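# sequence and predicted structure are below.
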Amino acid sequence: MNGIGLFVDIFFVVAAIIIVAACAKRGFINNVLKLVSFILSVIIAWMLCPMLADYIAENWLDEKITGVVYEQVISLSQRNGGQTFDIASLFDTEQYDFMQLLQRFGVDVDSLASTFRSISEGTEETVMEMAQTISEKVVHALSVAIAFVLVFIAAIILLSLISALINTVAKLPVLKQLNTFLGFLCGVVIAIAFVYVFSTVGVFLLEKLYAIYPDTIPANIKEQSFILQHFSDIEPLIEFVEGLKQ
């Protein structure tokens, strides 16, 4: 385990301890309200995510990510001083940089080749079309993940404010000790849920960002962290997030 993996594990352990301590202090009734808020926030995020994801993709991510791919394809294929672009040559076996680009973005080489391999003298429009095809999956995945997280955070904040108005009965002296103990147990459950959700979403995002920033994001970040290995291997949340727009 290197420094990054250790840092990730320490972050989640400290976060879990803080969550359990805070839940014990808040008490059971308040924690139930928090848990209900968490579940409702997930449902709200699921409902609103597709619409926001489309907006994020169209107005932010698509242009930026496709632009990165476009520049790389331009540099690898330009001929005659940049007047034409030999798209067909990109699929030659010696084009290691291009094949590595496709691998990072999870693109099926054969499928892409069936569309573009016959083009030996392409234009900038052809290169842009190819760049959009290459970046499509990553743009989709990142826009869905970002939209889900943003809506989830907004919903949890709003519902927490509502919960604060409801949470009055737990302050009665007769319920205080029982409320604290049950709050501790509830905190353990919430801490596990927190680590699961954010480790899974974190790995999901980092794997997609690696395609765009291979020199900055470690390729094997998941293997470098004990917590990420054991929590992000649970697949349902990944399948849920990826399937939001399907």
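Okay, I see it.
# could you use CA atoms for every contact and neighbour count after this?
Will do.
# quick one: the strands in the chain?
Remark: strands assigned in the chain by DSSP state E are 78-79, 84-85.
# now render those as CSV, adding mean neighbour count.
Below are the strands of the chain laid out as CSV (neighbours: other CA atoms under 10 Å):
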stretch, mean neighbour count
strand 78-79, 16
strand 84-85, 21
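# spell out which residues sit in contact with the spatially most central residue of the chain, please.
Among the residues of the chain, the one closest to the centroid is residue 205, at 3.0 Å (CA atoms, centre = their mean). Residue 205 makes contact with 142, 145 under the criterion CA atoms under 8 Å, 6 or more residues apart in numbering.
# tell me the pLDDT of it.
Listed pLDDT for residue 205 reads 77.
# likewise for residue 160?
81.
# what's the closest non-adjacent residue to residue 65?
residue 135 (6.6 Å; CA to CA, 6 or more residues apart in numbering).
# give me the distance between that neighbour and residue 196.
Going from residue 135 to residue 196 by CA to CA, to the nearest Å gives 28 Å.
# who has more neighbours out of those two?
residue 135 (26 against 21; other CA atoms under 10 Å).
# returning to what we had before: touching, the residue nearest to residue 65 and residue 66? I think so.
Yes: here residue 135 lies in contact with residue 66, judged by CA atoms under 8 Å, at a distance of 5.7 Å.
# tell me the spacing between the residue nearest to the centre of the chain and residue 186.
Residue 205 is 28 Å from residue 186, by CA to CA.
# so, low pLDDT: which residues of the protein?
Where the chain drops to pLDDT under 70, the residues are 1-4, 80-82, 93-94, 166-176, 232-246.
# before we move on, back to that, tell me the contacts of the residue nearest to residue 65?
Here residue 135 is in contact with 62, 65, 66, 69, 105 (CA under 8 Å, 6+ apart).
# as JSON lines, these with distance to residue 144 would be great.
Formatted as JSON lines, the contacts of residue 135 follow (distance: CA to CA, whole Å):
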{"residue": "62", "distance to residue 144": "12"}
{"residue": "65", "distance to residue 144": "15"}
{"residue": "66", "distance to residue 144": "17"}
{"residue": "69", "distance to residue 144": "20"}
{"residue": "105", "distance to residue 144": "16"}
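# next step: those residues restricted to helices.
62, 65, 66, 69 (DSSP state H).
# tally of neighbours for the closest residue to residue 113 other than its chain neighbours?
What sits nearest to residue 113 in space, not counting adjacent residues and going by CA to CA, 6+ apart, is residue 91, at 7.0 Å. The local packing of residue 91 (other CA under 10 Å) involves 17 other residues.
# over to residue 103?
Neighbours of residue 103 (other CA under 10 Å): 14.
# for it, give me its contacts.
Per CA under 8 Å, 6+ apart, neighbours of residue 103: none.
# relative to residue 112, how far out is it?
From residue 103 to residue 112 the distance is 12 Å (CA to CA).
# same check on residue 224?
Residue 224 is 33 Å from residue 112, by CA to CA.
# comparing those two, which residue is more hemmed in?
Set residue 224 next to residue 112 and count neighbours by other CA under 10 Å: residue 224 wins out with 20 against 15.
# so that one sits right up against residue 5, yeah?
Yes: the criterion here is CA under 8 Å, and residue 224 meets it with residue 5 at 4.5 Å.
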